[in-house]
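> got a sequence here, can you model it:
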Amino acid sequence: MRTIQWLIAGALSAGSVAAVAQEAPASITAPYAVRVTGARLAQLCAADPEGCVAYALGVLDSLHATHSAFARPAVCVPQTVNNARVGQAVVDHLQAHPEDGARSAAIVVIEALMNAFPCA
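Below is the predicted model of the structure:
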């Protein structure tokens, strides 16, 4: 069974890993298998806020690394914003968009961060 444990094992508690590391069904519209859905991330955020922040920061770090090759990033988080605020942006988005439950959690996080911290 494929899992995302390798992505977040160092950052999350064992309970959190169990909550999100279960294989999610493949999305019908995505060209790849969705590993963690928005619904599973919402469960994690409700059960383990620190795990939620860790997941969001992992996506943010990956996004920043990917965008280093581009002239203009899609997310501009001010240096004054703390990690808890990044996690709260994700929680707020998940609560406002329950229809994102079947989508890839990483894509949902990126959209949440783009909306919360747009680049000028």
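
> only C-alpha atoms from now on, for both contacts and neighbour counts.
OK.

> which other helices and strands does the longest helix seen in the chain contact?
In the chain, with assignment by DSSP state H, the single longest helix is helix 49-67. Where contact means 3 or more C-alpha pairs under 8 Å, 6 or more residues apart in numbering; DSSP states H and E, helix 49-67 is packed against helix 5-8, helix 38-47, helix 83-96, helix 105-116.

> mean pLDDT and distance to L60 added to those helices, as TSV?
Shown next, in TSV, are these (pLDDT from 0 to 100; distance: least, C-alpha to C-alpha, whole Å):
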stretch	mean pLDDT	distance to L60
helix 5-8	30	13
helix 38-47	94	15
helix 83-96	95	9
helix 105-116	92	7
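
> which one of those helices lies nearest to L63?
helix 105-116 (7.8 Å; C-alpha to C-alpha).

> for the helices and strands packed on helix 49-67, which one sits closest to Y55?
Here helix 5-8 is closest among those (C-alpha to C-alpha), at 6.9 Å.

> got a list of contacts for stretch 91-106?
For stretch 91-106, contacts defined as C-alpha atoms under 8 Å, 6 or more residues apart in numbering pick out 27, 34-42, 45, 59, 108, 112.

> what are the buried residues along it?
Neighbour-count burial for stretch 91-106 flags V91, H93, L94, D100, G101, A102, R103, S104, A105, A106 (criterion: 16 or more other C-alpha atoms under 10 Å).

> first-to-last residue distance for that stretch?
13 Å (C-alpha to C-alpha, to the nearest Å).

> returning to what we had before: quick check: angle from the longest helix of the chain to helix 105-116?
Orientation check (axes from the mean of the first three to the mean of the last three C-alpha atoms, to 10 degrees): helix 49-67 against helix 105-116 gives 80 degrees.
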